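>>> coords please:
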Amino acid sequence: VIRLSDSPNGWFSIWEVTPDGVSRSAVSFFESDAGEARPDRASRLWDRCCVGLPISDQITPSPETWSGLVERGIDHAYGSANRL
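Coordinates of the predicted model:
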């Protein structure tokens with residue numbers, strides 16, 4: 001997982017969504033270090049990544065942290081897909 005300079009502390013991820021098994025889209029997810037899901041920050045961080053900002057750091061989440069992020073990321077991604 002990467003960190004961008006001047007970004008909030010937390011975990012940022014992008015999830016592929018295939019609601020019908022054919023069409024493909026993606027949704028971003030950001031969870032602060034305090035455990036708060038922040039869709040607004042996810043959108044801003046995704047936009048910042050698209051312009052090619054330098055990566056300031058990287059960290060590998062613990063298995064427990066990664067498992068929780070996957071679970072909450074899937075919930076967020078499928079919630080977004082259901083609203084399509």
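
>>> Now the most centrally placed residue in the chain: which helix or strand?
The residue lying closest to the centre of the chain (Cα atoms, centre = their mean) is residue 13, at 2.4 Å. For residue 13, the host element (DSSP states H and E) is strand 10-17.

>>> what mean pLDDT does that strand have?
Strand 10-17 shows a mean pLDDT of 84.

>>> Pairing partners for it, with directions?
Taking DSSP bridges as the criterion, strand 10-17 forms sheet pairs with strand 25-32 (antiparallel).

>>> mind listing what residue 26 touches?
14, 15, 16, 17 (Cβ atoms under 8 Å, 6 or more residues apart in numbering). All C-beta atoms are positioned from the backbone trio N, CA, C, and that covers glycine.

>>> Spatially, what comes nearest to the third one if we skip its sequence neighbours?
When you say that, I think you mean residue 16. Nearest non-adjacent residue to residue 16, counting by Cβ to Cβ, 6 or more residues apart in numbering: residue 26, 5.4 Å away.

>>> One more: the second one?
On the basis of Cβ to Cβ, 6+ apart, the spatially nearest residue to residue 15 that is not a chain neighbour turns out to be residue 77, at 4.0 Å.
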